[in-house]
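Novice: how would this look folded up:
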Amino acid sequence: MPSENIVEISKLRFGYADRELLKGISLTIPRGKVVGIMGASGCGKSTLLRLIGGQLVPGDGCVRVDGQVVHELSRDALYQLRRKMGMQFQMGGLFTDLSVFENIAFQMREHTDLPESMIRDLVLMKLSAVGLRGASQLMPAELSGGMARRVGLARAIALDPMLIMYDEPFSGLDPISCNVIGNLIRRLNDALGATSIVVSYDAVESMKVIDYVYLISDGVVAAAGPTAEMSASGDPFVRQFLDGAPDGPVPFHYPHEPYQTDLGLGSGT
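Specialist: Below you'll find the model as predicted:
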């Protein structure tokens, strides 16, 4: 019987060169839920998605997806696991020389033996789900930012994955597009019976669609809980992030030497 959690991250550590980004982080993603992972820019949210997908190897700890330790899998086993995942990339990630239709059909042709007639029907079905069936022959350069995100979403669900990951799905979008994308994330997750991870720094839009939220700061989970509970929290860190307050536990400035030291003027504050 499968575990109730599709993703289990335990004491995960990861860093670049001499900078430790994730410092023993632990969290779980329950099946069937839309879970938000939020935090300030640069806190390691997107890196966490790469570790879940097996693009990066942890320095310590582990990531389990569907019961399998990702970094211990062979190349073939990792590719098999990835076929059960869908990914909407932060900047769309569409193939610029392929039409909208061909972008979505690409992985169906790569990973299945379906006849072209069925691929056509499935592509149009996925595009219809995101409201873009009429845009199937457009090229990526002809799409607005919101349309490109929706095409990326259609591609993410092309093979009916068990896990869908969204990397900053609201970044750079107007309020109407944000609302459309948010509603699609919620509706598609429930319709497919999938599990979704929404990585974002946009608390306002994310909190509308997620069931549970993790707030990350300084490489660890600083706060976590159901959406309603977190919205009502009086915790200073939670309030600073959700309210967008400049002053609070999270500093605005990246760690640095005293200004005078950087200017070569000796010690100072």
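Novice: Please count neighbours and contacts with C-alpha atoms only from this point.
Specialist: Noted.
Novice: Surely Arg187 forms part of a helix?
Specialist: Yes - read with DSSP: H, G, I helix; E, B strand; the rest coil, Arg187 is one of the residues of a helix.
Novice: Read off the pLDDT value for it.
Specialist: Arg187 is assigned 90 on the pLDDT scale.
Novice: Check the one 4 residues further on too.
Specialist: Predicted confidence (pLDDT) at Ala191: the value is 88.
Novice: in the helix or strand hosting it, what's buried?
Specialist: Using DSSP states H and E, Ala191 maps to helix 175-192. For helix 175-192, burial by neighbour count (16 or more other C-alpha atoms under 10 Å) applies to 177-179, 181-182, 184-186, 188-189.
Novice: what's the following helix or strand after that helix?
Specialist: Next along the chain from helix 175-192, counting by DSSP H and E, comes strand 195-200.
Novice: quick one: the helix holding Ala191 to strand 195-200, angle?
Specialist: Angle between the axes of helix 175-192 and strand 195-200 is 160 degrees (criterion: axes from the mean of the first three to the mean of the last three C-alpha atoms, to 10 degrees).
Novice: Make 10 the first number, not 1, from now on.
Specialist: Got it, first residue is 10 now, which makes that one helix 184-201.
Novice: Show me what helix 184-201 is packed against.
Specialist: If you count contacts as 3 or more C-alpha pairs under 8 Å, 6 or more residues apart in numbering; DSSP states H and E, helix 184-201 packs onto helix 154-165, strand 204-209, helix 212-215.
Novice: Tell me which of those sits nearest to Met134.
Specialist: helix 154-165 (9.1 Å; C-alpha to C-alpha).
Novice: Let me know the pLDDT of the residue nearest to Ile219 when sequence neighbours are not counted.
Specialist: Take Ile219 and drop its neighbours on the chain: the residue closest to it by C-alpha to C-alpha, 6 or more residues apart in numbering is Val43, 4.9 Å away. In this model, Val43 is scored at 96, pLDDT.
Novice: Repeat that for Arg59.
Specialist: Confidence score, pLDDT, at Arg59: 93.
Novice: just Leu152 next, same as before
Specialist: 93.
Novice: Just confirm Leu147 is within a strand.
Specialist: No - counting by three-state DSSP, Leu147 falls outside a strand, being coil.
Novice: hey, what's Val16 bridged with?
Specialist: As for beta bridges, Val16 partners with Ile38, Val74 under DSSP bridges.
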